[in-house]
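> Here you go, sequence then predicted model.
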Amino acid sequence: MIVTFYGENCFKIQAGDLSIITDPFDNQIGLTPPRFKYDAIIRTLTKFPQPENDSNAINIFGPGEYNFKETNVNGFLSENETGEKFLKTIYTAEIEKIKFAFLGHLSEMPNPSVMEHLEEIDILIFPAGGKPFVDQKAATKLIRQIQPKIAIPALYKVPGLKRQADDLKVFLEEFNHGKSESTDKLTIKKKDLTGIKPTQITILQI
């Protein structure tokens, strides 16, 4: 499996012939949109009305169970943050026996009913750039509660991004005094996760 980062909360997860994208964006945010074919889209933030799916990909948004190509995805509503204009969803997904959790555009701590589903997570993708999403202290608390093997930051300041966001070093100083690993992509198998403790912060370069 290969995990690649494109900025904001956009990731590509390639598992064999299966390709998944999370929260794709357009060039209005100042970054270069990803251009590759994908089988499924996972949307943690959905504006109403829901945009049309302009591809043949499976469109995953909102709470529920989704099953495709031996992959299981479960969505859990972020109730306190969902209103008439948009929907926020937290997901877990099992891909090649690796259990992911996508916290998405989370601005508040998840409800206890959602936290119950965030157990035994292998790879956690979380917001690390502060407001308008959870601040770095809250992100640190979440990681320590969930205790994933690997935590991958998202939604932080990168060159070209037009919106305001904190530099990633703010989170790193809060979490573990700057200790982390950096790579252009994460290539991993289930067996590689054995023995990782405590949580490893892995920064994926754009």
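Alright, I've got the coordinates. Computed from a prediction, not measured in an experiment: that's the story for all the values here.

> What residues sit buried inside stretch 133-145?
If you call a residue buried by 16 or more other C-beta atoms under 10 Å, then stretch 133-145 has these buried ones: 133-136, 138-140, 142-143. For the C-beta atoms, the positions are set from N, CA and C on the backbone; glycine is no exception.

> count of residues packed around the nearest residue in space to Asn176 that is not next to it in sequence?
Distances taken as C-beta to C-beta, 6 or more residues apart in numbering put Ile201 closest to Asn176, at 6.8 Å, once the chain neighbours are dropped. The tally of other residues near Ile201 (other C-beta atoms under 10 Å) stands at 21.

> where does Ile201 land in three-state SS?
Per DSSP: H, G, I helix; E, B strand; the rest coil, the local secondary structure of Ile201 is strand.

> Same check on Met109?
Secondary structure assignment for Met109 (three-state DSSP): coil.

> same deal with Ser113?
helix.

> Number of residues surrounding it?
10.

> can you pull the contacts of it?
In this structure, Ser113 makes contact with Phe76, judged by C-beta atoms under 8 Å, 6 or more residues apart in numbering.

> do the one 5 residues further on as well
With contact taken as C-beta under 8 Å, 6+ apart, Leu118 is in contact with 90, 92, 101, 110, 124, 146.

> Same question for stretch 94-107: list its buried residues.
Burial within stretch 94-107, assessed by neighbour count using 16+ other C-beta under 10 Å, is assigned to 95, 98-107.

> avg pLDDT for that stretch?
For stretch 94-107, mean pLDDT rounds to 97.

> Can you measure across it, start residue to end residue?
Using C-alpha to C-alpha, to the nearest Å, the end-to-end distance of stretch 94-107 comes to 24 Å.

> So that it lines up with my notes, have the first residue be 39 from now on.
All right, first residue 39 from here; so that's stretch 132-145.

> who touches Tyr104 in this structure?
Contact partners of Tyr104, counting by C-beta under 8 Å, 6+ apart, are 78, 96, 98, 110-113.

> And Thr221, by the same measure?
With the criterion set at C-beta under 8 Å, 6+ apart, Thr221 makes contact with 240-243.
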